[in-house]
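Colleague: model this:
(one chain, ligands or ions: 1)
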Amino acid sequence: MDKNQIREYLEYYRDLGFDVIYRRSTRADYAAAVSPMVELPGLAPDNDSLAAIRNDIGDCRRCRLCEERKNIVFGSGNEEARLVFVGEGPGADEDEEGLPFVGRAGQLLTQMIDNTASKEGIPIKRKDVYICNVVKCRPPGNRTPQPDEMEICGQFLFRQLTVIRPKAICALGATAMKALLNTRDGITKLRGQWHKWNGIPVMITYHPSYLLRQYNQQAKREAWEDLKTLLHFVYD
Ligand code: URA
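Modeller: Below is the predicted model:
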């Protein structure tokens with residue numbers, strides 16, 4: 001690699017939100033000292049595709065989440081969608097089926113998309129959008145993904161978003177928000193407003209699991225408002 005290629009490589013990953021990039025060393029003692037080393041892929045290929053990304057994920061062993069997963073949950077929906085929803089990571093039902101948002105939170109998300117669209121006169125359903133997660137394997141006990149897991153798996157999320165290049169992205173909950181915006185602000189501060197990921201407008205809203213747990217109806221009302229704003233922006 002010459003200097004320009006290295007600069008291009010570093011800039012590419014910085015734009016994607018990676019703060020730290022480890023250089024692979026030829027010295028075995030250095031490699032042993034900086035464990036675990038994560039091997040970053042080359043620049044996203046010009047002719048990248050969802051199939052190529054899934055192929056690159058393979059039977060992934062890049063982080064500890066592989067140990068207890070049953071299925072890798074890559075994503076589902078319309079591969080040419082104008083709108084992509086990004087969740088946190090698979091739960092038990094998703095791990096079982098290999099598909100995102102098929103459990104209780106998923107049913108709520110489906111209702112929210114279908115009902116809001118129908119009430120607002122927007123002719124779309126869940127099948128018309130694309131849905132994926134920051135991490136593709138279920139964190140044990142549904143714990144929050146750790147920063148290194150998000151960083152490793154985030155490269156595949158970023159490639160998915162780059163390939164689909166939707167008109168807007170909806171980040172569901174704090175993990176998706178942090179992965180896309182690299183922010184320390186809380187979700188209550190940033191939700192309901194437009195942000196950007198690599199030039200693509202991002203709407204932040206509450207995660208459906210949070211809405212299921214909340215007794216107070218305020219968060220639900222706010223999430224419905226966020227979705228209305230999002231759907232009108234994308235489909236009007
Ligand atoms: N929660 C998520 O964040 N993603 C899923 O796929 C299911 C539940």
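
Colleague: Tell me how many other residues crowd the closest residue to residue 48 other than its chain neighbours.
Modeller: Excluding the flanking residues, the one nearest residue 48 by CB to CB, 6 or more residues apart in numbering is residue 163, at 5.3 Å. Quick note: C-beta positions are derived from backbone N, CA and C, even for glycine. Residue 163 has 17 neighbouring residues, counting by other CB atoms under 10 Å.

Colleague: who touches residue 163 in this structure?
Modeller: 48, 49, 50, 53 (CB atoms under 8 Å, 6 or more residues apart in numbering).

Colleague: for it, helix, strand, or coil?
Modeller: Taken by DSSP: H, G, I helix; E, B strand; the rest coil, the conformation at residue 163 corresponds to helix.

Colleague: what pLDDT does residue 39 get?
Modeller: We have a pLDDT of 50 for residue 39.

Colleague: Report the contact partners of the residue most central in space within the chain.
Modeller: Closest residue to the average C-alpha location of the chain: residue 134 at 3.4 Å, with CA atoms, centre = their mean. By CB under 8 Å, 6+ apart, the contact set of residue 134 is 86, 87, 88, 89, 145, 150, 153, 154, 157, 175, 176, 179.

Colleague: nearest to residue 232, of those residues?
Modeller: Checking those against residue 232 with CB to CB, the nearest one is residue 86 at 19.7 Å.

Colleague: Wait, a strand at that closest one?
Modeller: Yes. Assessed with three-state DSSP, residue 86 lies in a strand.

Colleague: ok so, going back, now the residue nearest to the centre of the chain: how far from residue 161?
Modeller: Counting by CB to CB, to the nearest Å, the gap from residue 134 to residue 161 is 11 Å.

Colleague: and stretch 126-144 with the ligand, contact?
Modeller: Yes. Interface with the ligand: stretch 126-144 contributes residue 133 (CB under 6 Å from any ligand atom).

Colleague: same thing with stretch 60-71?
Modeller: No. On the criterion CB under 6 Å from any ligand atom, stretch 60-71 is out of touch with the ligand, staying 11.4 Å away.

Colleague: what are the ranges of the helices in this protein?
Modeller: Secondary structure of the chain (DSSP state H): helices located at 3-15, 28-33, 50-57, 92-97, 104-119, 147-164, 173-181, 187-190, 208-213, 218-235.

Colleague: any idea which of these scores lowest on pLDDT?
Modeller: Across these, helix 28-33 has the smallest mean pLDDT, namely a mean of 43.

Colleague: Next, count neighbours for residue 152.
Modeller: By the criterion of other CB under 10 Å, residue 152 has 21 neighbours.

Colleague: again, but for the one 3 residues further on
Modeller: The burial metric for residue 155, expressed as a neighbour count using other CB under 10 Å, is 21.

Colleague: so how far is residue 10 from the residue of the chain found nearest the ligand?
Modeller: Using CB to the nearest ligand atom, the closest approach of the chain to the ligand is made by residue 87 at 3.0 Å. Distance, residue 87 to residue 10, using CB to CB: 29 Å.

Colleague: Neighbour count for these two, which is higher?
Modeller: Neighbours were counted for residue 87 and for residue 10 using other CB under 10 Å; residue 87 has more, 28 against 12.
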